[in-house]
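> structure of the sequence below:
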Amino acid sequence: MKIALIAHDKKKDNMIELAIKYKDTLAHHELYATGTTGTLVMGETGLAIKRMKSGPLGGDQQIGSMVAEGKLDLIIFLRDPLTSQPHEPDVSALLRLCDVQSIPLATNVKSAEIMLEAVKVGLIK
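Residues are numbered from 1 along each chain as shown. Just a heads-up that it's a prediction; the model follows:
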């Protein structure tokens with residue numbers, strides 16, 4: 001599977017914890033991430049991750065382009081719903097693309113855990 005990892009600034013620690021917890025599962029898949037999130041997760045886990053630009057610099061749009069082209073199977077996007085994001089239109093476009101393309105999208109830790117458990121046991125392929 002091709003999995004994208006994205007996290008807003010206040011959620012990056014949650015993403016690192018999630019990646020550590022599911023490192024063995026994630027290691028069997030092709031991983032992509034926005035710039036800072038990818039760098040932090042790679043540094044803590046050693047997972048191979050293809051990094052895009054930082055979200056505000058176009059990384060969300062790069063991930064969105066991959067969704068539109070059918071090049072991703074799952075997105076984990078730990079969003080911070082309580083902080084205004086300067087690139088909110090890009091975030092909204094990415095969420096819409098996931099709905100249009102029927103790409104599974106986790107936007108919080110609990111939904112990400114449910115999806116990664118499904119990946120782990122082969123329910124999502």
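> SS state for I3?
strand (DSSP: H, G, I helix; E, B strand; the rest coil).
> buried ones in the lowest-mean-pLDDT helix or strand in the chain?
When the helices and strands of the chain are compared on mean pLDDT, DSSP states H and E, helix 88-101 comes out lowest with a mean of 90. Across helix 88-101, burial judged by 16 or more other CB atoms under 10 Å covers 90-91, 93-95, 97-98. Bear in mind the C-beta positions are built from the backbone N, C-alpha and C, glycine included.
> make sure I16 is indeed in a helix.
Yes. Counting by three-state DSSP, I16 is located in a helix.
> L116 contacts Y22, correct?
Yes. Under the criterion of CB atoms under 8 Å, L116 makes contact with Y22 at 4.6 Å.
> sorry, back to before: next SSE downstream of the least confident helix or strand of the chain?
As assigned by DSSP states H and E, the chain's next helix or strand after helix 88-101 is strand 105-106.
> returning to that earlier point: centre of the chain to the least confident helix or strand of the chain, how far?
Centroid separation for helix 88-101 versus its chain: 13 Å, with CA atoms, centre = their mean, to the nearest Å.
> low-confidence ranges, this structure, go.
Scanning the chain for pLDDT under 70 picks out nothing.
> what about the residue nearest to T34 when sequence neighbours are not counted, neighbour count?
Nearest non-adjacent residue to T34, counting by CB to CB, 6 or more residues apart in numbering: G59, 3.5 Å away. Per other CB atoms under 10 Å, the neighbour tally for G59 reads 25.
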